[in-house]
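>>> kindly generate the corresponding structure for this input.
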Amino acid sequence: MALWRAYQRALNAHPWKVQVLTAGSLMGLGDIISQQLVERRGMRKHQISRTLTMASMGCVFVGPVVGGWYKVLDRLIPGTTKVDALKKMLLDQGCFAPCFLGSFLSLTGALNGLSAQDNWAKLQRDYPDALIANYYLWPAVQLANFYLVPLYYRLAVVQCVAVVWNSYLSWKAHQL
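Sure, this is the predicted structure:
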């Protein structure tokens, strides 16, 4: 509980920094889980640079973009009723998620050194499956998130659930 209270104090004092660092940490954790539990690489074959890349993407791309999106979404659809939460989830999953997922996969491909042509081919191959997988997990999570969770905690809640999602995305993004 002391750790949670310290997190809350830090979040209240520096919301943007804490949200970005949380996203980066949990993206890195998702990659570790992907490499160790999904891909079963073992510690000797663990790609530290890949984990650092995923953590950096969490800090530089995922945290700022998703955190900023939640602020915009709250301005577009103020309120926390069930209907407001449903509207937010529909806008999030209908507009934001498809764009964000495509951007994430493309950025990961570029950071992995893929040529534009190879990155495009990989995106065409992986995007449909990733988007379908997104729709199995995120609508229910986001509906609960928008209805039950205050704005400052939304990114943290999503990133905790996203540890599993990040493991999947890391695996998907690094399949060649």
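
>>> could you find the closest non-adjacent residue to Thr81?
Spatially, and ignoring its direct neighbours in sequence, Thr81 is nearest to Tyr147 (8.0 Å; Cβ to Cβ, 6 or more residues apart in numbering). C-betas here are computed from N, CA, C, even on glycine.

>>> go ahead and confirm the one you found touches Val83.
No: contact criterion Cβ atoms under 8 Å: Tyr147 and Val83 do not qualify, at 9.8 Å.

>>> so where does the residue nearest to Thr81 fall, helix or strand?
helix 116-148 (DSSP states H and E).

>>> which element follows that helix toward the C-terminus?
Note on helix 116-148: by DSSP H and E, the next helix or strand toward the C-terminus is helix 151-173.

>>> what's that following helix packed up against?
Judged by 3 or more Cβ pairs under 8 Å, 6 or more residues apart in numbering; DSSP states H and E, helix 151-173 is in contact with helix 2-13, helix 15-33, helix 48-57, helix 63-76, helix 97-111, helix 116-148.

>>> buried residues in that helix?
By 16 or more other Cβ atoms under 10 Å, the buried positions in helix 151-173 come out as 153-159, 161-162, 165-173.

>>> make CSV from the helices and strands packed on helix 151-173 and add mean neighbour count and mean pLDDT to it.
Below are the helices and strands packed on helix 151-173 laid out as CSV (neighbours: other Cβ atoms under 10 Å; pLDDT from 0 to 100):
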stretch, mean neighbour count, mean pLDDT
helix 2-13, 11, 89
helix 15-33, 21, 91
helix 48-57, 18, 94
helix 63-76, 17, 93
helix 97-111, 17, 94
helix 116-148, 15, 94
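
>>> how about those helices in JSON lines, adding distance to Lys88?
Output for the helices and strands packed on helix 151-173, formatted as JSON lines (distance: least, Cβ to Cβ, whole Å):
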{"stretch": "helix 2-13", "distance to Lys88": "21"}
{"stretch": "helix 15-33", "distance to Lys88": "18"}
{"stretch": "helix 48-57", "distance to Lys88": "24"}
{"stretch": "helix 63-76", "distance to Lys88": "5"}
{"stretch": "helix 97-111", "distance to Lys88": "12"}
{"stretch": "helix 116-148", "distance to Lys88": "4"}
